[in-house]
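> only the shape, not the letters, is given here:
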Ligand SMILES: Nc1ncnc2c1ncn2[C@@H]1O[C@H](COP(=O)(O)OP(=O)(O)OP(=O)(O)O)[C@@H](O)[C@H]1O
Ligand SMILES: [Mg+2]
């Protein structure tokens, strides 16, 4: 069986002036798998996702997404991927249904098919009853749910999720987890997830990469990573790899 | 009352002068010194030489028209200062800001006084920079003494700040009431429009029944408007401090005109000031108050789509139709957008009325009047419409932009939808003032149709430029941001250049061919060509990855 890779990156680098956000990234993500991208704040996760979804030009290196080149075939990439941005940015004066209709239209969907999908997704996410309220009155988690719906609305091959569960309540993040699992299994959808929730990643990711200061330092299945550094679980392994030891003497010294 | 108002005033002042940063203090001082020079030296010198050039003709015109002209100038000033901030108050209330203030136990009255005082320095400057341009000719002709000049400007300043005060009280009241009920926002919206109509209708009624506008402004009916009281006080001061001989016919004619009225006006003026200051302070205590209750947001549920939207859905069931509908909904639900467009239309409708008082009736060639009026309407509409249609809320946040860009050709589709939406909106916005003007100025049907087409096409061009500029330099939701101010400035400048360019071309065509079809239809392409060029640059800029 030939293997299809939805993400292939070679020597992928992005500089912002002096800061190198991503450095010589080498990465392959197989179709139908769920990839977890971990790393401290400012490590370069969001930057990677933006490059791979065709929003940002890399400084150097090669990458292809769903078989399309990130330099020359951006519009094809956009048509076959979905992106959940880091912070919810939605039209405040549209209702959830109207917003999703807008996103659908941007992806060339309209009519019956679109409306049916919107209805189903909103009720799946527990927003029926509120679907005609303006988004300005939504809580940040509710907006996040609408955005999750918007990223999978056009049934993309590859979905980028930048911290999908950071605002969700436990039940909602469990639900998102189930959606991811189902889509990965049934429709061979590939997921590329940036997250800070190690338990979430350990739960659903097939492969995990840890990025520190723009460099991919660790790559493997959750078990491999845990075993390699002789840790209890992924959180422990992450702290060992990234270095999360706390200097207790400094905790309260800022007050004096 | 603690000194909270002082902190609020300071914050307000800092926000207003934030552009200057560390240069703030020296710059403010320099500006003030300059404005005084400007008011008592520069403008009078320039205008005196112009008046000298034109010899006696202007002089005669200026003096006879004086009381009427003063009343119309004050009316315009009053309207602008009063209506505009109120319309701004309809914008979304930034809950966060009130939350900070309320968590510090600030009283409504302190918010009022603080915001007002913070704005005074700015308006003081504005008065001294703008008023001289309009008032100086009269002061020169009447040879008013220095004390008289200072008193005149002081009076104008008092008119300005009283008006600001009233508008701040009203807009704070609107904001306090806005979130009170589910329908609060609609009520405020309706109020804003009603307010505009309340001023417009009586003016037009008067204008319609009186053939000679210059004398209309002198009518006693105008004594009901506070701006008239202030204007009469200015006239009285000018006469009193005039260096002319009291037996000079100029003095005697005008004195006869306002005889008796000036005392009434003066009294009413003082009462007006006292009532508005005390009334404002009292109402903040008893009529409305900011507190946790009223501010809490209400949840708006969308209802059934209206006829226009359903029609679009029927005609264009495609994704592009859906994008257009979404754009219309998003724009229309922001109360400030609608009220800003209303305000622009209101000023455009008012224009022929104000212009006619001045010089228009002196021009014998009717076709040139048509061209001048068309240009004025174009200027007003293109600027307001462009700043409204582009400007804030076009793209709400950086993440919103990412979402657009993440769709295939997303930003292009978005720009296309937004432009179509703007063109649809421009149909009523350009037609209403043009039709009103055509009726009042008794244009022939052909002229009226030509002017309508010209104004519509030009305004569309202006909005395209506005959208293009915003696409080149997105501003997101922040009205205080440098990007927003820069964009507004550039947009206004481009529209002015375009409208004036079209005007020059139209005049040239009219003089060469004396044919209205050629001059009006031939000149309307200047702004659209400019706008289209900027729009395509913007669309391209927005779609390239960073
Ligand atoms: N538009 C930009 N201009 C300049 N520097 C940027 C820009 N975007 C990101 N950076 C820099 O690139 C680095 C990586 O940022 P990135 O947003 O990718 O981090 P992240 O891993 O997503 O962090 P977080 O976990 O906090 O979301 C940071 O040092 C950041 O300051
Ligand atoms: Mg990030």
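Everything's here; your move. Predicted model, so just to flag it, every value in this text is computed and none were measured. Ligands and ions are numbered 1, 2, ... in the order given.

> in chain B, which helix or strand is least confident?
helix B:292-295 (a mean of 44; mean pLDDT, DSSP states H and E).

> following element in sequence after that one, please.
The helix or strand immediately downstream of helix B:292-295 is helix B:307-315, counting by DSSP states H and E.

> list the contacts of that following helix.
Contact with helix B:307-315 is made by B:305, B:321, B:324-325, B:328-329, as judged by C-beta atoms under 8 Å, 6 or more residues apart in numbering or on different chains. (C-beta placed from N, C-alpha, C; glycine too.)

> quick check: buried residues in that helix?
Residues of helix B:307-315 classed as buried: B:309, B:312-313 (neighbour count, 16 or more other C-beta atoms under 10 Å in any protein chain shown).

> just how off-centre is that helix within its chain?
A distance of 33 Å separates the centroid of the chain from that of helix B:307-315, by C-alpha atoms, centre = their mean, to the nearest Å.

> give me the mean pLDDT for that helix.
Mean pLDDT, helix B:307-315: 87.

> stretch A:66-82 now?
91.

> and what of stretch A:142-157?
Here the average pLDDT along stretch A:142-157 is 90.

> pull out the buried positions in it.
A:142-154, A:156-157.

> quick one: is it near chain B?
Yes. Contact between stretch A:142-157 and chain B, assessed by C-beta under 8 Å from any C-beta of the partner chain, occurs at residue A:150.

> how much space between residue B:374 and ligand 1?
46 Å (C-beta to the nearest ligand atom, to the nearest Å).

> distance of that residue from residue A:161?
55 Å (C-beta to C-beta, to the nearest Å).

> who has more neighbours out of those two?
residue B:374 (27 against 24; other C-beta atoms under 10 Å in any protein chain shown).

> which residues touch residue A:124?
A:175, A:179.

> which bits of the stretch 1-150 of chain A sit near ligand 2?
Taking C-beta under 5 Å from the ion as the contact definition, the stretch 1-150 of chain A meets ligand 2 at A:45-46.

> if we use 8 Å, what do you get?
The stretch 1-150 of chain A has residues A:41, A:45-47, A:49, A:86 near ligand 2, with proximity defined as C-beta under 8 Å from the ion.

> which pair in those has the greatest spatial separation?
The most widely separated members of these, counting by C-beta to C-beta, are A:41 and A:49 (14.8 Å).

> give me the more crowded residue out of the two.
residue A:49 (24 against 6).

> spatially nearest residue to the more buried one (excluding sequence neighbours)?
The shortest distance from residue A:49 to any non-neighbouring residue, by C-beta to C-beta, 6 or more residues apart in numbering or on different chains, is to residue A:160 (4.8 Å).

> tell me the bridge partners for that neighbour.
Beta-bridge pairing of residue A:160 under DSSP bridges involves residue A:83, residue A:192.

> still on that earlier bit, give me the subset of the buried residues of stretch A:142-157 lying in helices.
A:142-152 (DSSP state H).

> before we move on, the earlier item: just the pLDDT at the residue nearest to residue A:49, thanks.
Residue A:160 is given a pLDDT of 93.

> which non-adjacent residue is nearest residue 47?
The chain I'm using is chain A. According to C-beta to C-beta, 6+ apart, the nearest residue to residue A:47 is residue A:21 (4.2 Å).

> that's the wrong chain, I meant chain B
Nearest to residue B:47 is residue B:136, by C-beta to C-beta, 6+ apart, at 4.7 Å.

> tell me how far the one you found lies from residue B:236.
In terms of C-beta to C-beta, residue B:136 sits 18 Å off from residue B:236.

> am I right that residue A:126 is in contact with residue A:172?
Yes. Between residue A:126 and residue A:172 a contact is recorded at 7.5 Å, counting by C-beta atoms under 8 Å.

> coming back round to it: next structured bit after the one helix or strand the residue nearest to residue B:47 maps to?
Assigned by DSSP H and E, residue B:136 falls within helix B:108-141. Note on helix B:108-141: by DSSP H and E, the next helix or strand toward the C-terminus is helix B:146-178.

> hmm, that following helix in reach of chain A?
No. Residues of helix B:146-178 are not located near chain A by C-beta under 8 Å from any C-beta, the shortest gap being 13.6 Å.

> what's that helix packed up against?
Applying 3 or more C-beta pairs under 8 Å, 6 or more residues apart in numbering or on different chains; DSSP states H and E, one finds that helix B:146-178 contacts helix B:66-89, helix B:108-141, helix B:184-209, helix B:226-240, helix B:261-286, helix B:292-295.

> any idea which helix or strand carries the closest residue to chain A within chain B?
Taking C-beta to the nearest C-beta, chain A has its nearest neighbour within chain B at residue B:399, 2.8 Å off. Assigned by DSSP H and E, residue B:399 belongs to helix B:398-406.

> the helix or strand following that helix vs helix B:307-315, what angle?
For helix B:398-406, the succeeding helix or strand toward the C-terminus, using DSSP H and E, is helix B:410-440. With axes from the mean of the first three to the mean of the last three C-alpha atoms, to 10 degrees as the basis, helix B:410-440 and helix B:307-315 are set at 130 degrees to each other.

> quick check: buried residues in helix B:410-440?
Neighbour-count burial for helix B:410-440, counted by 16+ other C-beta under 10 Å, picks out B:410-422, B:424-426, B:429-430, B:432-438.

> any idea where the helices of the stretch 351-500 of chain B begin and end?
For the stretch 351-500 of chain B, the helices defined by DSSP state H, counting those that start in this stretch occupy B:366-389, B:398-406, B:410-440, B:445-472, B:482-513.

> contacts only, for the residue lying closest to residue B:40 once chain neighbours are set aside.
The spatially closest residue to residue B:40, leaving aside those adjacent along the chain, is residue B:149, at 6.3 Å (C-beta to C-beta, 6+ apart). Going by C-beta under 8 Å, 6+ apart, residue B:149 touches B:39-40, B:139, B:241.

> and those residues, which is closest to ligand 1?
residue B:39 (46.9 Å; C-beta to the nearest ligand atom).

> that closest one touches residue B:125, doesn't it?
No. Here residue B:39 lies out of contact with residue B:125, judged by C-beta under 8 Å, at a distance of 10.6 Å.

> sketch out the low-pLDDT regions of chain A for me.
Applying pLDDT under 70 to chain A flags residues A:1, A:88-89, A:244-251, A:254, A:256.

> how about the residues of it by ligand 1?
A:16, A:19, A:21, A:39, A:41-47, A:86 (C-beta under 6 Å from any ligand atom).

> closest to chain B out of these?
Closest to chain B, out of all of those and judged by C-beta to the nearest C-beta, is residue A:86, at 6.8 Å.

> just say helix, strand or coil for the closest one.
coil (DSSP: H, G, I helix; E, B strand; the rest coil).

> then residue A:211?
strand.

> beta partners for it?
The partner residues for residue A:211, given DSSP bridges, come to residue A:216.

> about what we covered before: report the inter-axis angle for the helix holding residue B:399 versus helix B:410-440.
Going by the same axes, to 10 degrees, helix B:398-406 makes 110 degrees with helix B:410-440.

> give me the contacts around helix B:398-406.
Contacts of helix B:398-406 (C-beta under 8 Å, 6+ apart): A:50, A:53-55, A:78, A:81-83, A:85-91, A:103, A:106, A:150, B:395, B:410-411, B:414, B:474, B:476, B:542-543, B:545.

> of all residues in chain A, which one is nearest the centre?
Nearest to the mean C-alpha position of chain A, by C-alpha atoms, centre = their mean, lies residue A:161 at 1.9 Å.

> in contact with it, which residues?
The contact partners of residue A:161, taken as C-beta under 8 Å, 6+ apart, are A:84, A:148, A:151, A:191-195.
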